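S.K.: need a 3D model of the sequence below.
(2 chains)
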Amino acid sequence: MTNATISIATPADITGATALSALKFITCGSVDDGKSTLIGRLLVDTKAVLQDHLAGVQRQGETDLALLTDGLSAEREQGITIDVAYRYFNTEDRKFIIGDAPGHEQYTRNMVTAASSADAAVVLVDATKLDWKNAALELLPQTRRHSLLCNLLRVPSIVFAVNKLDAVEDSTLAFANISGALRKFATAAGIPVEAIVPVSALKGWNVVEAGHADLPDWCGYSGPTLLQILEQLPGTPAEVDQPFAFPVQWVEKFSSSADTSQGRRVFWGRVATGAVQPGQEIRILPSGQTATVAQVLDHARRPGNVSASHSAGIVLDREVDVSRGDWLLASGNFEAQRELSATVAWLDDEPLVAGRVYWALHGHRWVKAKVKRIVHRLNINTLAEEDATELPPNAIGHVELALQEPIATLPYLQSRSLGALVLVDTASNKTAGAVLVR
Amino acid sequence: MNALTDHAVLQSAEHHLSNAHLDALEEETIFILREVAAVFERPTLLFSGGKDSLVLLKCAEKAFGVGRIPYPLLMIDTGHNFHEVTDFRDFRAKELGAELIVRNVEDSMKRGTVRLAHPGESRNVHQSVTLLEAIEEFRFDALIGGARRDEEKARAKERIFSHRDSFGQWQPKAQRPELWTLFNTRLQPGEHFRVFPISNWTELDVWQYIERENIALPSLYYTHKREVVERKGLLVPVTELTPLKAGETAEQRDVRFRTVGDITCTCPVESFAATPGDVVIETLAADVSERGATRMDDKTSEASMEKRKKDGYF
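M.R.: Numbering: from 1, shown residues only, chains lettered A, B, ... in the order given. Below is the predicted model of the structure:
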């Protein structure tokens, strides 16, 4: 397999379609790289588009695939994607949820929204916009920015799809040079690449159907189609290997119940890391009290053991003060801290300013967070760390935060749920930043 | 929708779609329902008696325990609903022991806050006014609804926790980023949230869940004989509100409703499906969307849903 860094399992490695959960993937990349067209192509060629929707996107007898997803009038007026559209389709082997993310730098926040819950990202690269004859070609800034953000957010699989290769004179050379540039950039940025695949979203080559009949070795590529790759990608693994951590979402009281045997309170939430079963010792943050788990209910109130990413109802063996926002933690494993060193993806139109106080949300806990210092700002073109006093919209930087109350975190690289916070502007209530604990 | 689907062919295709993903959808929905209960002071669940809101209620029963749903149910009644649906709504609310609040578009018309352009105009779009009046009356800060992203292009763009300003307006260009499951639910006075716990369900998921959980639905969802007239490819039910036009003749057809909204803009499809299992098979074979097959009001313009949502529509 030349020109592709395929590291995915072959069909024989997979025990059966039922072993794979639904795959939530996003498409990203620069504006006009053909993301909406690619999604339209996936939907049409997997027969997921219904007749009335298809009829709605015919223009002078031609089907404009991009119109299938650009659903806002402002998007149609401007011919761009502003916000994420979620689309659903099935193949015989798998169920898919697509987040069609915008390419415009101005709407990076919406791309980050889609990436934060994605199992995979397809980063589209437009071959016609690059100096494809040149082996040392430069990638577009949005390709770099989106790849960096996907990797930063730990999207488990990143696939590059080199699009519009039907529109260049020498598609084999173009694919070779662009793949080379992508690999070079990914290596420098530490981004693991699942696959690089040549496609023509417009013509439908290598998206659902392989190449095309006359050119079986189109672009010098003989690997799987984009859909075949997606069908085999893993889902996001649950964080079961960490010690138990549980943010309390909702406290159920039985004071109004006539059933006195149900006198205790049930603490509901989603297990962030590890697992929980009766008999387990836990410590409550921030109070520091300890207790033993008396009973565990699953999300639908059946008794059982519950592990990371699933909802649980926990009853403790004694009356202790626990409210929404508190954490139940495996005792002895976590230290709460008032200072955080973090990577921030800044999403608000107002820049992040050193010295300002924001609201921070961690699990279900709100704390005030002050930006003590901006350590550096990442130059997405050179990957250099530069000095900065503020982070403009869509910048990525490294900051130090001081918290009003201590919280227990893990590095985001170790745990998405314990290592992630959002910053909210205290005046506008806008969600302003994605915080990844370093 | 193909009415006379080859069941044998479809049944062989059905095994490919496993039921397991329903567990994940159910769990996500329950998580969101609990979040609303925990965060908001005066939430309400919009309950029409339709299939999506019945699925929501089933999840709420699992989230909070039978008979313990911690918010009232709210219905905005255009006065043009099928009685089979409103009867079922009342029956189900009573069975659950839930508080049911009904507010009527007719009352808004009496108050003069809703003015029809002509007496025959659909009241569907005017629900927004009555809804916003109910929000003000009860000072609701969160309205849970059974909308799904697969229904319509504007819906596909909406967040699960969708912020609305004090005019109830959705601002698609200024949606809050929704990162991981860290929902920013902070509000200014007068603002509220619309919350969509079944955003990620499709029509097929809903029917598979109805089948799996044995959820009772109004009879209109299954095959029955009905007087209809064909207009622009839609089967329009012949009722007092939607009478025959000059020169038209009614036909008796075997039909069911895929969606059960306002009579003046909801159409049935031809079908012999008598059980949830039959509907699942039909849905797998459907080649027209739920709204495309059934809604007259969405056809007015490309962006009619988006426009209505900006005006405060659900």
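S.K.: rest of the way, CA atoms for contacts and neighbours
M.R.: Fine.
S.K.: neighbours of residue A:313, how many?
M.R.: Residue A:313 has 27 neighbouring residues, counting by other CA atoms under 10 Å in any protein chain shown.
S.K.: which ones are touching it?
M.R.: Applying CA atoms under 8 Å, 6 or more residues apart in numbering or on different chains, we find residue A:313 in contact with A:266-269, A:296-299, A:301.
S.K.: what sits closest to residue A:251 if chain neighbours are left out?
M.R.: Excluding the flanking residues, the one nearest residue A:251 by CA to CA, 6 or more residues apart in numbering or on different chains is residue A:267, at 4.8 Å.
S.K.: hmm, that neighbour is touching residue A:315, no?
M.R.: Yes. At 6.5 Å, residue A:267 counts as touching residue A:315 under the criterion of CA atoms under 8 Å.
S.K.: next, the buried residues of the biggest helix by length in chain B.
M.R.: Of all segments of type helix in chain B, defined using DSSP state H, the longest is helix B:21-39. For helix B:21-39, burial by neighbour count (16 or more other CA atoms under 10 Å in any protein chain shown) applies to B:22, B:25-39.
S.K.: now it, how far from the centre of its chain.
M.R.: Between the centre of helix B:21-39 and the centre of its chain there are 18 Å (CA atoms, centre = their mean, to the nearest Å).
S.K.: circling back: of residue A:267 and residue A:315, give the one with the bigger neighbour count.
M.R.: Higher neighbour count among residue A:267 and residue A:315: residue A:267, with 25 against 20, using other CA under 10 Å.
S.K.: re earlier: just the pLDDT for the residue nearest to residue A:251.
M.R.: The score at residue A:267 is 97. That number is its pLDDT.
S.K.: kindly report the same for residue B:14.
M.R.: For residue B:14, the model assigns a pLDDT of 47.
S.K.: now do residue A:303
M.R.: pLDDT, residue A:303: 93.
S.K.: okay, and the beta partners of the closest residue to it other than its chain neighbours?
M.R.: For residue A:303, ignoring the flanking residues on the chain, the nearest one in space by CA to CA, 6+ apart is residue A:297 at 4.2 Å. Beta-bridge partners for residue A:297, by DSSP bridges, are residue A:303, residue A:313.
S.K.: ok, residue A:297 - contacts?
M.R.: Contact analysis of residue A:297 by CA under 8 Å, 6+ apart lists A:303-306, A:312-314.
S.K.: on that earlier part again, so does whichever helix or strand comes after the longest helix of chain B get close to chain A?
M.R.: Using DSSP states H and E, the next helix or strand after helix B:21-39 towards the C-terminus is strand B:43-46. No. Applying CA under 8 Å from any CA of the partner chain, one finds strand B:43-46 separated from chain A by no less than 14.6 Å.
S.K.: if you skip the residues just before and after it, what's nearest to residue B:46?
M.R.: Spatial nearest neighbour of residue B:46, excluding adjacent residues (CA to CA, 6+ apart): residue B:74 at 4.7 Å.
S.K.: run a quick neighbour tally on the one you found.
M.R.: A count of nearby residues for residue B:74, using other CA under 10 Å, gives 21.
S.K.: report the beta-bridge partners for it.
M.R.: For residue B:74, the beta-bridge partners under DSSP bridges are residue B:46, residue B:101.
S.K.: outline the domain layout of the chain.
M.R.: You didn't say which chain, so I picked chain A. A:11-232, A:245-330, A:337-437 (automatic domain parsing).
S.K.: can you look at chain B instead?
M.R.: B:21-205+B:303-311, B:218-299 (the TED database).
S.K.: mean pLDDT added to those domains, as JSON lines?
M.R.: Formatted as JSON lines, the domains of chain B follow (pLDDT from 0 to 100):
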{"stretch": "domain B:21-205+B:303-311", "mean pLDDT": "91"}
{"stretch": "domain B:218-299", "mean pLDDT": "86"}
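S.K.: before we move on, back to that, quick one: which of the contacts of residue A:297 is most hemmed in?
M.R.: For the contacts of residue A:297, neighbours were counted using other CA under 10 Å, and residue A:312 has the most, 30 neighbours in all.
S.K.: residue B:86: what secondary structure?
M.R.: helix (DSSP: H, G, I helix; E, B strand; the rest coil).
S.K.: burial of it, as a residue count?
M.R.: 18.
S.K.: ok, for it, nearest residue in space, not its chain neighbours?
M.R.: The shortest distance from residue B:86 to any non-neighbouring residue, by CA to CA, 6+ apart, is to residue B:49 (6.5 Å).
S.K.: tell me the phi and psi of residue A:106?
M.R.: phi -60, psi -30 (degrees, to the nearest 10).
S.K.: what does residue A:288 give?
M.R.: Residue A:288 adopts backbone torsions of phi 80, psi 0, taken as degrees, to the nearest 10.
S.K.: for chain A, see how far away residue B:22 is.
M.R.: 10 Å (CA to the nearest CA, to the nearest Å).
S.K.: surely that residue meets residue B:205?
M.R.: Yes. Using CA under 8 Å, residue B:22 makes contact with residue B:205 at a distance of 6.9 Å.
S.K.: and the end-to-end length of stretch A:136-144?
M.R.: End-to-end distance for stretch A:136-144: 15 Å, by CA to CA, to the nearest Å.
S.K.: can you list the buried residues in that stretch?
M.R.: A:139, A:142-144.
S.K.: swap in stretch A:207-218?
M.R.: Those would be A:207-211, A:218, for stretch A:207-218 by 16+ other CA under 10 Å.
S.K.: any idea how far residue B:71 is from residue A:179?
M.R.: Applying CA to CA to residue A:179 and residue B:71 gives a distance of 55 Å.
S.K.: residue B:97 now?
M.R.: With CA to CA as the criterion, residue B:97 and residue B:71 are 11 Å apart.
S.K.: for these two, indicate the residue with more neighbours.
M.R.: residue B:71 (19 against 13).
S.K.: where does the more buried one fall, helix, sheet strand or coil?
M.R.: Under three-state DSSP, residue B:71 comes out as coil.
S.K.: burial check on the closest residue in space to it that isn't next to it in sequence, number of neighbours?
M.R.: Among residues not flanking residue B:71 along the chain, residue B:44 sits closest, at 5.2 Å (CA to CA, 6+ apart). Per other CA under 10 Å, the neighbour tally for residue B:44 reads 28.
S.K.: give the contact list for residue B:44.
M.R.: Contacts for residue B:44 (CA under 8 Å, 6+ apart) come out as B:71-74, B:140, B:142-144.
S.K.: now residue A:150, what's its secondary structure?
M.R.: helix.
S.K.: close enough to count as contact, it and residue A:115?
M.R.: Yes. In this structure, residue A:150 is within contact of residue A:115 by CA under 8 Å, at 6.2 Å.
S.K.: in the stretch 1-150 of chain B, which spans are helices?
M.R.: Using DSSP state H, counting those that start in this stretch, the helices of the stretch 1-150 of chain B run over B:7-14, B:21-39, B:51-64, B:83-96, B:105-111, B:127-138.
S.K.: quick one: contacts for the nearest residue to residue B:150 once chain neighbours are set aside?
M.R.: Spatial nearest neighbour of residue B:150, chain neighbours left out: residue B:202 (5.7 Å); criterion: CA to CA, 6+ apart. Going by CA under 8 Å, 6+ apart, residue B:202 touches A:88, B:148-151.
S.K.: residue ranges of the helices in chain A, please?
M.R.: For chain A, applying DSSP H gives helices covering A:35-45, A:51-55, A:73-78, A:108-116, A:141-152, A:171-189, A:226-232, A:416-419.
S.K.: got the CA positions of the fourth one in CSV?
M.R.: Taking C-alpha atoms only, helix A:108-116 is exported to CSV below (Å, rounded to 0.1, in the frame of the first residue of the first chain):
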residue,chain,number,x,y,z
THR,A,108,-13.7,27.4,14.9
ARG,A,109,-15.7,27.2,18.1
ASN,A,110,-18.3,25.2,16.4
MET,A,111,-15.7,22.8,15.0
VAL,A,112,-14.3,22.4,18.5
THR,A,113,-17.8,21.6,19.8
ALA,A,114,-18.1,18.8,17.2
ALA,A,115,-14.6,17.5,17.9
SER,A,116,-15.0,17.3,21.7
